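**Student:** This is a predicted model, with the sequence first.
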Amino acid sequence: MRSEATTRTVGGWVVTCGLLLALGGAAVGMLAVVDRQHPPTARAEALLYLPRGEYLRVAVLGYRQIAADLIWIKAVQHFGKREQTTEGYLWAYHAVDVLTDLDPKFSYAYLTGGTILGVWANLVQESITLLTKGMRHNPDVWQLPFFVGYDYFYELRDYASAAIYFRIAAGLPGAPEYLPRLAARMTAEAGDPEAALEFLERLYEQMKDDRSRAAIEKRIKEIMAERDIRILEKAVREYQSRFNKLPGALGDLVVTGLIREIPKEPLGGEYRYDRADGSVISTGLGGRLKVYRSN
């Protein structure tokens, strides 16, 4: 038969555990009701003031995954807005950073948050920080270093760093068969639009939501325009070398057989030729791309 002291001890543990569970449940509950208690602006700012993950882990006790899911729902609301501000994206970034402290294996949050920050929000360093954090906790997910490679290659024009991450991705389980060859080609041909096009087309295949796919599709068209401009300007130089003068119009390149036809501008504009210096521009592109030229 239990002694009175033992009974009191057990009873004390039961009460203590009950209080801890209640506190954890209350912390999760606060995350769930914040939307109902504040106006939209205050709700958005609440993301910025989320406690650091190591503190929140203590507060939510055994409810880490539930809390992470609730914060993720909140972050998605900000990521999904078409007219989002940089401040709003930063709030969402902080939220994903916190929720992945609670649930470090939440690879989808790293991937989605990282790609949106890099592709949509122009917050490349935040994208890289989030994706590389995901790599540390999910070392077998090949998509994480793949998208870090995108940030370095397309956004930062750091081809050496991009190649490192592509090679990491290529060596992980489940990586597509084309990735080792693509990594090698992009390392050797960093300034080649054709290599860039192949990469972006492969990246397009990995995108799951329509908005991300639309953003990558626009980048593909930009590279196609840059490729066409290079082809046209090369033909202009060949015409000048052959006839000792610049062509009067792009149509002269077709007449002389230097090109088969003037390519259709993929962005809905047109290619315009400057007879003064032989340069070609795209009215849809708005300016020459420097992304794929050698540093």
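**Tutor:** That came through fine.
**Student:** contacts for stretch 119-133?
**Tutor:** 84, 86, 89-90, 93, 96-97, 100, 110-111, 113-115, 117-118, 144-145, 147-148, 150-152, 155-156, 211-212, 215-216 (C-beta atoms under 8 Å, 6 or more residues apart in numbering). C-beta coordinates here come from the backbone N, C-alpha and C atoms, glycine included.
**Student:** wait, doesn't Glu217 sit right on Glu205?
**Tutor:** No: using C-beta atoms under 8 Å, Glu217 is not in contact with Glu205; the gap is 11.7 Å.
**Student:** more crowded one of these two?
**Tutor:** Glu217 (16 against 11; other C-beta atoms under 10 Å).
**Student:** What's the mean pLDDT across whatever helix or strand that one lives in?
**Tutor:** Using DSSP states H and E, Glu217 maps to helix 210-243. Averaged over helix 210-243, pLDDT sits at 90.
**Student:** Check stretch 143-157 too.
**Tutor:** 90.
**Student:** now swap in stretch 247-265 and tell me
**Tutor:** 95.
**Student:** Span of it from start to end?
**Tutor:** 20 Å (C-alpha to C-alpha, to the nearest Å).
**Student:** ok, Gln143 touching Tyr110?
**Tutor:** No: using C-beta under 8 Å, Gln143 is not in contact with Tyr110; the gap is 9.1 Å.
**Student:** between those two, who's got more neighbours?
**Tutor:** Using other C-beta under 10 Å, the more surrounded residue of Gln143 and Tyr110 is Tyr110, with 27 against 21.
**Student:** give me the beta-bridge partners of Ser282?
**Tutor:** Tyr271 (DSSP bridges).
**Student:** Could you check the pLDDT of it?
**Tutor:** With respect to pLDDT, Ser282 has a value of 92.
**Student:** what's the distance between it and Ile223?
**Tutor:** 11 Å (C-beta to C-beta, to the nearest Å).
**Student:** So Leu232 sits against Leu250, correct?
**Tutor:** Yes: using C-beta under 8 Å, Leu232 is in contact with Leu250, at 6.5 Å.
**Student:** how is the protein carved up into domains?
**Tutor:** 1-104, 221-282 (automatic domain parsing).
**Student:** Quick check: end-to-end length of the last one?
**Tutor:** Right, the one you point to is domain 221-282. With C-alpha to C-alpha as the measure, domain 221-282 spans 11 Å from end to end.
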